[in-house]
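> predicted model and sequence follow; I will ask about them next.
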Amino acid sequence: MKILIIRLSSLGDIVLCQSICAWLRKQYPLAEIDFICKQQFVELTSLMGCGLNPIVYQKTLISHLALRRRRYDLVIDLHNKFSSFLVRLAAAAKSSSVYNKQRSKRKAIVAGDSKLAISSTVELYKSALDKLYLNVQLEAPRLELPQQELPFLLPQASKLVMLFPGAAHFTKMYPKDSYKQLLKISPSGFHYLLAGAPNEFELCNELQRSSPENSTNIAGLLSFSQILVAIKACDCVISSDSGPMHLAAALEKPQIAIFGATHPRLGFAPQNPHAHILCANLDCQPCSLHGAESCPRGHFQCMLSINPQSLLNIMQSSC
């Protein structure tokens, strides 16, 4: 049995695919299961614990023809875009299935229908399996903790917090001034690891300069494996609706997830019983599916109305 799973990007979306991979591995313990994604996410496949063979996605005819030579029995498309359609077409599997994004439902939620909700993206992914199998039961995405060393010594602290202040779009980011306030009001013994992608180094550096005594900038220093090790070592993780949010959830780590332009009703909530979700639930939320570069109404109250003290209260009581 040869299976190809397609999810080309992004970080959080690929993490959520673990539920599908785990179910397929359980059904076909001896199968060859390939997972195709972009180069920067290949490392994630080794953390899913499903014995996946990673394939680097390339927009070339040669790479697509190589998929056809693999002679797949089954292709599961968890991306559902034109790029993944071409991959699926090239693979020419005996059987294939594509997940239902529920685009119209999500558009209605963004348009203001507060009665609608999507339970989770994992449930949407499950739709690809439901078309082929009966009684599919999925578990929440979980990642394996690797044997990996950190390139630095962890600070000694009574409360070690990993903070991911960045996001792909501005309206998904908790304001940096609010984060600065959080760092300043945190009691002695709290220490923040300011983490993120290399392009978020300057943001983390600005936060670190505002409170150098209780923060360390590690943005861009860690691989995905090392990020998981660091998350495991911390008492709590703070992030927006972003990829790192799903990394923390996949380790069932106490976390605070802050929602602004998006909303948990779009199916983006962390699959973690230890997650605390902060969402203002304004009438204008959500205003977009993936965030934007500015607040459409100009007030940004979805984020500004969340007081830094509320983050601190959660950490003191639950983390």
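Received the coordinates, thanks. Numbering: from 1, shown residues only.
> what about the strands in the stretch 51-200 of the chain?
For the stretch 51-200 of the chain, the strands defined by DSSP state E, counting those that start in this stretch occupy 53-56, 74-77, 95-98, 159-164, 190-194.
> for Ile258, which of those is the nearest?
strand 159-164 (10.2 Å; Cβ to Cβ). C-beta: built from backbone N, CA, C; applies to glycine.
> which other helices and strands contact that closest one?
Packed against strand 159-164 by the contact rule (3 or more Cβ pairs under 8 Å, 6 or more residues apart in numbering; DSSP states H and E) you find strand 190-194, helix 224-233, strand 236-240, helix 243-250.
> could you redo the last one with a cut-off of 6 Å?
Other elements packing on strand 159-164 under the criterion 3 or more Cβ pairs under 6 Å, 6 or more residues apart in numbering; DSSP states H and E are strand 190-194, strand 236-240.
> run the chain-centre distance for it.
How far strand 159-164 lies from its chain's middle: 17 Å, per Cα atoms, centre = their mean, to the nearest Å.
> just the angle between it and helix 243-250, please?
With axes from the mean of the first three to the mean of the last three Cα atoms, to 10 degrees defining the directions, strand 159-164 sits at 140 degrees from helix 243-250.
> hmm, back to that, buried deepest among the helices and strands packed on strand 159-164, which one?
strand 236-240 (a mean of 27; mean count of other Cβ atoms under 10 Å).
> how about residues contacting it?
By Cβ atoms under 6 Å, 6 or more residues apart in numbering, the surrounding residues in contact with strand 236-240 are 161-164, 167, 172-174, 231, 245, 248, 253-256, 258, 315, 319.
> for the helices and strands packed on strand 159-164, give me TSV that also has mean pLDDT and distance to Cys279.
Supplementary listing: those in TSV, determined by pLDDT from 0 to 100; distance: least, Cβ to Cβ, whole Å:
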stretch	mean pLDDT	distance to Cys279
strand 190-194	98	22
strand 236-240	98	11
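> which one, of those strands, ends up nearest to Cys284?
When these are compared for distance to Cys284 using Cβ to Cβ, the nearest one is strand 236-240, at 17.3 Å.
> ok, the nearest residue to His64 once chain neighbours are set aside to Ile3 distance?
For His64, ignoring the flanking residues on the chain, the nearest one in space by Cβ to Cβ, 6 or more residues apart in numbering is Ala90 at 3.7 Å. For Ala90, the distance to Ile3 (Cβ to Cβ, to the nearest Å) stands at 15 Å.
> ok, the two, which is more surrounded?
Higher neighbour count among Ala90 and Ile3: Ile3, with 23 against 17, using other Cβ atoms under 10 Å.
> ok, the host helix or strand of that one: who's next to it in the sheet?
Element membership of Ile3, judged by DSSP states H and E, is strand 2-6. Within its sheet, strand 2-6 is paired with strand 32-37 (parallel), strand 74-77 (parallel), according to DSSP bridges.
> tell me which of those strands is the most buried.
Between the strands paired with strand 2-6, strand 74-77 has the highest mean count of neighbours, a mean of 24, where neighbours are mean count of other Cβ under 10 Å.
> need the contact partners of it.
Contacts to strand 74-77, defined as Cβ under 6 Å, 6+ apart, come from residues 3-6, 84, 88, 91, 93, 95-98, 128.
> now do stretch 150-164
With Cβ under 6 Å, 6+ apart as the criterion, stretch 150-164 contacts 189-196, 226, 229, 231, 233-239, 244.
> fine by me, thanks again.
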